[in-house]
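Asks: Structure for the following, please:
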Amino acid sequence: MRSLELPEDYALVLQQIDEDGENDFSELAESLSLDRGRLTHIIQALRNKGLIKVSRDLQQGAWIRLSSKGKHFVAYVWPESGPRPCYGSARGHA
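Replies: Next comes the predicted model:
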């Protein structure tokens, strides 16, 4: 896989999403102590690179998860993250 150069805050966003499996935009901003405007910029850039997917839910807001490409990228860059068993998403869906 071709290596992508990512700023540190982009990498932190990917790591957090990988750890949680899926994140609500507001919770992600809070957990990383990022300004919402900065996080919006990062999310758009990662989305343009094909590393994440954003789902919108009218009642619950925006949910962010790794795309297939993002999962492969994270496994390549941080092999210690390794595969995890899937127990459903953060929203309680199987």
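
Asks: CA only for contacts and neighbour counts going forward, please
Replies: Noted.

Asks: how about the strands in this structure?
Replies: 23-24, 52-57, 61-66 (DSSP state E).

Asks: Reformat those as a markdown table; add mean pLDDT.
Replies: Formatted as a markdown table, the strands of the chain follow (pLDDT from 0 to 100):
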| stretch | mean pLDDT |
| --- | --- |
| strand 23-24 | 88 |
| strand 52-57 | 87 |
| strand 61-66 | 88 |
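
Asks: so can I have CSV of those showing distance to residue 38?
Replies: Putting the strands of the chain into CSV (distance: least, C-alpha to C-alpha, whole Å) gives the following:
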stretch, distance to residue 38
strand 23-24, 15
strand 52-57, 16
strand 61-66, 15
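
Asks: Let me have those in a markdown table, adding mean neighbour count and distance to residue 8 as columns.
Replies: Shown next, in a markdown table, are these (neighbours: other C-alpha atoms under 10 Å; distance: least, C-alpha to C-alpha, whole Å):
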| stretch | mean neighbour count | distance to residue 8 |
| --- | --- | --- |
| strand 23-24 | 21 | 19 |
| strand 52-57 | 15 | 16 |
| strand 61-66 | 18 | 17 |
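
Asks: for these, which one sits closest to residue 9?
Replies: When those are compared by C-alpha to C-alpha, strand 52-57 sits nearest residue 9, at 14.8 Å.

Asks: Just the residues contacting that closest one, thanks.
Replies: The contact list for strand 52-57 (C-alpha atoms under 8 Å, 6 or more residues apart in numbering) reads 43, 46-47, 62-67, 69-70.
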